[in-house]
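Chemist: Pasting the sequence and the predicted model now:
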Amino acid sequence: MTIKHHLTDDLLMSYAAGTLSEAFNLAVATHISLCDDCRAALAAYEAMGGAILDGGDDVAPMSDEALARAMVRLDMPAPTAAPKKPKHPVLPAPLQDYVGTDLSVIKWRKLGMGVRQAILPTKGKGSARLLHIPAGQAVPDHGHRGMELTLVLKGAFRDEAQQFARGDIEIATEADEHTPVAMGDEDCICLAVTDAPLRFNALIPRLMQPIFRI
Amino acid sequence: MLRAAVGMGKGYWDLADKVSKAAKGQETGAGPDFAGLMLAVRDQGDRAAYGVVFQHFAPRVKAFLMKSGSDAALAEELAQDVMVTVWHKSAQIDPARASLSTWIFTIARNRRIDYFRRARRPEPEDLDWGATEEPDAADMYQAAEETRRLGAALSTLPEPQRALIERAYYGDLSHSEIAAQTGLPLGTIKSRIRLALERLRQNMN
């Protein structure tokens, strides 16, 4: 599997720095779970954080008893780490924390024209959801007020110009008006993250927008 | 690794000696061998090695958190948490993959997100590395060397570019929030950061 559509430097650096909202963190972490190139790039941006932390003479002295206090805490039981999740052919580990361990447990809601969505619970700015697009079907034509990331988990879609398969991430900005269409004879499942509500061009979907929170 | 067969008495004096040297900044030459120290913490639970790591990094983590907006008392508490996590998660230490400073940075970053936003931070799925072999010495120091070179390259950037990159890492501010704070358009912030990164890449090559 070759991934053709990657994260931007801006997103990678912001993820490394820890300044993205939870919804965007989820999309970045899920893409990196599938993409070795972006995983390597993330390591470089995290190394930049290490260099900044350790660079220069920027220190704030700790209190005199700080080390002794830490030593006492070393003997206290460590918080238990979450068990390693089983590998899933569609849902990378970070997504399993939000939707469960299998597609069958996802609670889909109809969005019209056969398209279904499941909103994922995230805090802070932006929203994350899974989209289920039947083979050959289009997601209603929409633009964005902000940035939208669409990561393919299963199947593939194309918009006006390009094709996106599993692991590929489409980064659409305010200026883009696009109509993703599920390609081939397989249904397409995507993780879609926006930092502002979508803006549909047809009248009916716009009326539905507050109801469906898209 | 680091004198595994050390007795209790000698261990104590090692601790006192190393910690006081580190605290006074008396390391000479290349400075402490953090790759070696971190393996001693991981493999032997070496408290002397941990003490050196603590005295070096705790004040840096505290400074990092203060720049993110914590007051000194809170930054001290959170730096304590970060350094205790370093001990408890030491099994994850892999000097071939990340330098100690990089690894501690990620722990400090995650503690900051957890404390200030009370939000989860989704992390990428672990790679299945298969049977793990102990890296050879060259691999072991490569990540540390890369972080050091990155730090050196950063320090050669013109001040405004360096400050912008540091700010993007230190503060809990998105690029658009930096834009709002500095009064510069978001596009300008992003292009300045991009320029700084390009310059860094050139400096690294």
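Modeler: Happy to help now that I have it. Numbering: from 1, shown residues only, chains lettered A, B, ... in the order given.

Chemist: quick one, helices of chain B?
Modeler: Under the criterion DSSP state H, chain B contains helices at B:8-24, B:34-44, B:47-67, B:72-88, B:100-117, B:137-155, B:159-170, B:175-182, B:186-204.

Chemist: The last one versus helix B:159-170: what angle between them?
Modeler: Right, helix B:186-204. On the basis of axes from the mean of the first three to the mean of the last three Cα atoms, to 10 degrees, helix B:186-204 is oriented at 100 degrees to helix B:159-170.

Chemist: Identify the residues contacting helix B:186-204?
Modeler: Here helix B:186-204 makes contact (Cβ atoms under 8 Å, 6 or more residues apart in numbering or on different chains) with A:9-10, A:13, B:149-150, B:153-154, B:156-157, B:160-162, B:164-165, B:168, B:175-176, B:178-179, B:182. Placement of C-beta: from N, CA and C, glycine included.

Chemist: circling back: can you tell which of the helices of chain B is closest to A:R39?
Modeler: helix B:100-117 (13.6 Å; Cβ to Cβ).

Chemist: Quick one: list the elements packing against the closest one.
Modeler: When contacts are defined as 3 or more Cβ pairs under 8 Å, 6 or more residues apart in numbering or on different chains; DSSP states H and E, helix B:100-117 sits against helix A:36-54, helix B:34-44, helix B:47-67, helix B:72-88, helix B:137-155.

Chemist: buried stuff in stretch A:7-25?
Modeler: Buried residues in stretch A:7-25, counted by 16 or more other Cβ atoms under 10 Å in any protein chain shown: A:7, A:9-25.

Chemist: Restricted to helices, list those.
Modeler: Taking DSSP H, the ones among the buried residues of stretch A:7-25 that sit in helices are A:9-17, A:22-25.

Chemist: now, which of those residues lie close to chain B?
Modeler: For chain B, the contacts drawn from those by Cβ under 8 Å from any Cβ of the partner chain are A:9-10, A:13-14, A:16-17, A:22, A:25.

Chemist: okay, those in TSV with pLDDT and distance to B:F34 next?
Modeler: Formatted as TSV, these follow (pLDDT from 0 to 100; distance: Cβ to Cβ, whole Å):
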residue	pLDDT	distance to B:F34
A:D9	89	28
A:D10	87	30
A:M13	92	24
A:S14	92	27
A:A16	95	20
A:A17	93	22
A:E22	94	32
A:N25	96	28
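
Chemist: Relative to chain B, which residue of chain A is the closest?
Modeler: Going by Cβ to the nearest Cβ, chain B is nearest to A:G50 of chain A, at 3.1 Å.

Chemist: Which pLDDT value goes with the spatially closest residue to that residue that is not a sequence neighbour?
Modeler: Distances taken as Cβ to Cβ, 6 or more residues apart in numbering or on different chains place B:T102 nearest to A:G50, at 3.1 Å, with adjacent residues excluded. Looking at B:T102, its pLDDT reads 94.

Chemist: just to revisit the earlier point, now the helices and strands packed on helix B:100-117 in TSV, with distance to A:L111?
Modeler: As requested, the helices and strands packed on helix B:100-117 are arranged in TSV below (distance: least, Cβ to Cβ, whole Å):
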stretch	distance to A:L111
helix A:36-54	29
helix B:34-44	49
helix B:47-67	43
helix B:72-88	42
helix B:137-155	45
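
Chemist: among those helices, which is the most enclosed?
Modeler: Counting by mean count of other Cβ atoms under 10 Å in any protein chain shown, helix B:47-67 has the highest mean neighbour count of those, with a mean of 24.

Chemist: That one packs against which elements?
Modeler: Helix B:47-67 packs on helix A:36-54, helix A:66-74, helix B:8-24, helix B:34-44, helix B:72-88, helix B:100-117, going by 3+ Cβ pairs under 8 Å, 6+ apart.

Chemist: if we can go back for a sec, right, so of the helices of chain B, which gets closest to A:E46?
Modeler: When those are compared by Cβ to Cβ, helix B:100-117 sits nearest A:E46, at 5.3 Å.

Chemist: low-confidence ranges in chain A?
Modeler: Scanning chain A for pLDDT under 70 picks out A:1, A:56, A:140-145, A:197-214.

Chemist: Any figure for the gap between the residue nearest in space to the middle of it and A:Y98?
Modeler: In chain A, the centroid-proximal residue (Cα atoms, centre = their mean) is A:A27; its distance is 1.0 Å. In this structure, A:A27 lies at 11 Å from A:Y98, with Cβ to Cβ, to the nearest Å as the measure.

Chemist: Between those two, which contacts overlap?
Modeler: Between them, A:A27 and A:Y98 share these contacting residues under Cβ under 8 Å, 6+ apart: A:A128.

Chemist: hang on, the earlier thing: A:T80 is nearest to which of the helices of chain B?
Modeler: helix B:72-88 (10.2 Å).

Chemist: The closest one - contacts with which helices or strands?
Modeler: Using 3+ Cβ pairs under 8 Å, 6+ apart, helix B:72-88 is in contact with helix A:66-74, helix B:47-67, helix B:100-117.

Chemist: Is the residue nearest to the centre of chain A in contact with A:L151, as I believe?
Modeler: Yes. A:A27 is in contact with A:L151 according to Cβ atoms under 8 Å; the separation is 5.6 Å.

Chemist: Now for these two: what residues contact both?
Modeler: Contacts common to A:A27 and A:L151, judged by Cβ under 8 Å, 6+ apart, are A:169, A:191, A:193.

Chemist: Those residues into CSV, with extra columns for secondary structure and neighbour count?
Modeler: Listed next are the shared contacts of A:A27 and A:L151 as CSV, based on DSSP: H, G, I helix; E, B strand; the rest coil; neighbours: other Cβ atoms under 10 Å in any protein chain shown:
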residue, secondary structure, neighbour count
A:I169, strand, 26
A:L191, strand, 26
A:V193, strand, 27
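
Chemist: Let me have those residues in TSV, adding distance to chain B as columns.
Modeler: Compiled in TSV, the shared contacts of A:A27 and A:L151 are given as follows (distance: Cβ to the nearest Cβ, whole Å):
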residue	distance to chain B
A:I169	13
A:L191	11
A:V193	11
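
Chemist: Provide a list of residues in contact with whichever residue of chain B sits closest to chain A.
Modeler: Per Cβ to the nearest Cβ, B:T102 is where chain B lies closest to chain A, at 3.1 Å. By Cβ under 8 Å, 6+ apart, the contact set of B:T102 is A:43, A:46-47, A:49-51, B:143, B:147.

Chemist: what does A:Y98 give?
Modeler: Counting by Cβ under 8 Å, 6+ apart, A:Y98 makes contact with A:26, A:120-122, A:128, B:122.

Chemist: Now flag whichever of the residues you listed is closest to A:M183.
Modeler: A:A128 (23.1 Å).
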